[in-house]
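Enquirer: Sharing a model prediction with you, sequence too.
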Amino acid sequence: DAGVIQSPRHEVTEMGQEVTLRCKPISGHNSLFWYRQTMMRGLELLIYFNNNVPIDDSGMPEDRFSAKMPNASFSTLKIQPSEPRDSAVYFCASSTPMGGEQFFGPGTRLTVL
Amino acid sequence: AQKITQTQPGMFVQEKEAVTLDCTYDTSDPSYGLFWYKQPSSGEMIFLIYQGSYDQQNATEGRYSLNFQKARKSANLVISASQLGDSAMYFCAMREGQGGGFKTIFGAGTRLFVKA
C-alpha cells in the first residue's frame, strides 16, 4: 500500500519564480496537512484540510503561499513569487477521520537561490 | 492556545541503556492526543506512539513507552535498550480533539545520540 506521495523530492529555483509542490494522500484518509521544516523554526503547520476543505490556514506565512485540494487524492502548495527565505523541507501528511497519527510523505526539499 | 515544550535540545545515551525524552504540553481542551515521531538523518518522519487523553494506561509499542502524567501535563517518551539506530531527532506533538482531522502542533524536538 503506497504511503503519502510528494513531488518533486527536490526543487531548486531562482528567486521570483513560481513553485508548485504536490501531494497525494493515502487513499481513505480525509485529512491532509502541509508542514514546513527549517532549522530556525522547526516543524510548522502551514494549512490543513478536512474532506478537501481548508480548515485552518493561519500558519501560511504570506499571501505568496496558497494551497488547494481539488479532490480527495491530490493537493498542491504554491509559492508565487518564491524568495530565498522559503528554502525549507515541505512535508505533506494525511490521517484518517478516527485515526490518531499522521502519516508523512518523504518531503520536498526546496532551495530558492 | 496549544503549546508543546521539549526542553532537551540534545541527549546522549549509552547503547543498551534506557533513555527518557521529556515533553510537556498545555491545553484547556479535555480531549486531546499526544504523539511521538522519530526523524532520522534521512529526513522521513516516523510515527512511534500515541496516547489519548482519556486512555487509562500508558501506551507502549515495543521498546517505546509513553509515560503519561495527566495532572503534570507531561508525556515523556521512554526508549528501553537503546540501539545505535535510535540516534535521531524525536518530536513530541499534540492534537486537540478526537479524530484525525484536528490541528496538530509539534515541539522543537530532541536530538538523541546513542553511543556504542
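Expert: Noted; the coordinates are in hand.

Enquirer: Partner strands of the helix or strand bottoming out on mean pLDDT in chain B and their direction?
Expert: Using mean pLDDT, DSSP states H and E, the weakest-scoring helix or strand in chain B turns out to be strand B:104-106, at a mean of 90. Paired strands of strand B:104-106, with direction, are strand B:88-96 (antiparallel) (DSSP bridges).

Enquirer: gap between the partner strand and the chain center?
Expert: In terms of Cα atoms, centre = their mean, to the nearest Å, the centre of strand B:88-96 is found 5 Å from the chain centre.

Enquirer: One more: stretch B:19-37?
Expert: Distance of stretch B:19-37 from the chain centroid (Cα atoms, centre = their mean) equals 7 Å.

Enquirer: Report the mean per-residue pLDDT for it.
Expert: On average, the pLDDT along stretch B:19-37 is 94.

Enquirer: buried sites along the helix or strand A:Arg109 falls within?
Expert: According to DSSP states H and E, A:Arg109 maps onto strand A:108-112. Neighbour-count burial for strand A:108-112 flags A:108-110, A:112 (criterion: 16 or more other Cβ atoms under 10 Å in any protein chain shown). Using the backbone N, CA and C atoms, a C-beta is placed for each residue, glycine as well.

Enquirer: a markdown table please, covering the residues you listed and showing distance to B:Leu84 and pLDDT.
Expert: Formatted as a markdown table, those follow (distance: Cβ to Cβ, whole Å; pLDDT from 0 to 100):
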| residue | distance to B:Leu84 | pLDDT |
| --- | --- | --- |
| A:Thr108 | 29 | 98 |
| A:Arg109 | 26 | 97 |
| A:Leu110 | 31 | 98 |
| A:Val112 | 36 | 97 |
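
Enquirer: Pull the most distant pair out of these.
Expert: Greatest spatial distance among the buried residues of strand A:108-112 (Cβ to Cβ): A:Thr108 and A:Val112, at 12.3 Å.

Enquirer: now the residue minimising distance to the centre of chain B: how far from chain A?
Expert: With distances taken as Cα atoms, centre = their mean, B:Trp36 lies nearest the centre of chain B, 3.3 Å away. B:Trp36 sits 10 Å away from chain A, taking Cβ to the nearest Cβ, to the nearest Å as the criterion.

Enquirer: How about B:Ser65?
Expert: From B:Ser65 over to chain A the distance is 16 Å, taken as Cβ to the nearest Cβ.

Enquirer: and that residue, what helix or strand is that in?
Expert: Secondary structure (DSSP H and E) places B:Ser65 in strand B:64-69.

Enquirer: what about residue 8, how many neighbours?
Expert: Chain wasn't specified; assuming chain A. For A:Pro8, the count of nearby residues is 13 (other Cβ atoms under 10 Å in any protein chain shown).

Enquirer: Switch to chain B, please.
Expert: Residue neighbour count, defined by other Cβ under 10 Å, stands at 15 for B:Gln8.
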